[in-house]
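# predicted structure and sequence below. I'll ask about it afterward.
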Amino acid sequence: MYLSRIMLDAAKPKTMLALASPNLIHGAVESAFTGERKRKLWRIDTLRGQRCLLILSEDADDWSAVCTQFGMDGMPVETKSYDTLLNRISDGSKWQFRLRANPTVSVKQAGERGKVLAHITTEYQMKWLAERAEKHGFSLNPEEYLVTENKWYAFRKGGRENVRMLAVTYEGLLTVTDTALFRQTLTQGIGREKAYGMGLLTVTKPRG
């Protein structure tokens, strides 16, 4: 696995449009892959006040077309092996994390399929992640993580279907409880709408 970072140029009209319509970035990321379709995750992130695109992929692909569309001219793509991090994961280890996810609930209605609704309150957004921690190989202390951003997106999927989606950013500390499960979570993500920049969980060693 490889983690790549592309610094985005917000002055480009295409970048400004893509930041509001994640389906455009989805299309650009997909077009960078040739041959067999492989697993990948991505997320719009912020580094020292600058917007960037993080992409986790099985191969170190050619991101030149993505850079041309959205990136800062002359700024190289940073790509590093993810295996180094995965090999450092161990039971009981503590990590600083960031996750952008789409927390939802399926509400059953008489005679119909359950309707998927977004969790719009911080209380239920926090609960959503807490309820998924164990099966994803980690634990959370309620005092050590929080919601740092809520952002709604509205766009057309395939030019036809209207999509309205809530992106929620979580940050804080977690503790690994199952190494194998947690490594799987890091490479496969959490929750729905992964094609549109949701689900990528990244970790670093705790600060200070």
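Looks like it came in fine.
# pull the longest strand from the protein.
Assignment by DSSP state E gives strand 161-176 as the longest strand of the chain.
# list the helices and strands that strand packs on?
Secondary-structure packing of strand 161-176 (3 or more Cβ pairs under 8 Å, 6 or more residues apart in numbering; DSSP states H and E): strand 94-101, helix 122-133, strand 138-139, strand 145-157. Backbone N, C-alpha and C define where each C-beta goes, glycine included.
# same question for the shortest one, mean pLDDT?
Over the span of strand 138-139, the pLDDT mean works out to 98.
# tell me who's in contact with L186.
82, 85-86, 89, 201-203 (Cβ atoms under 8 Å, 6 or more residues apart in numbering).
# now swap in L17 and tell me
Contacts of L17 by Cβ under 8 Å, 6+ apart are L24.
# now do the same contact list for Y2.
Going by Cβ under 8 Å, 6+ apart, Y2 touches 56-60, 79-82.
# run the chain-centre distance for the helix or strand of the chain with the lowest mean pLDDT.
The weakest-scoring helix or strand in the chain, judged by mean pLDDT, DSSP states H and E, is strand 112-118 (a mean of 80). Mean-position distance between strand 112-118 and its chain equals 23 Å (Cα atoms, centre = their mean, to the nearest Å).
# can I get it as PDB, trimmed to CA atoms?
Taking Å, rounded to 0.1, in the frame of the first residue of the first chain, the C-alpha atoms of strand 112-118 are listed here in PDB:
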ATOM      1  CA  GLU A 112     -40.500   0.000   2.400                       C
ATOM      2  CA  ARG A 113     -36.700  -0.400   2.600                       C
ATOM      3  CA  GLY A 114     -34.900   1.500   5.300                       C
ATOM      4  CA  LYS A 115     -34.200   5.100   4.500                       C
ATOM      5  CA  VAL A 116     -30.600   6.200   5.100                       C
ATOM      6  CA  LEU A 117     -30.300   9.400   7.000                       C
ATOM      7  CA  ALA A 118     -27.300  11.400   8.100                       C
END
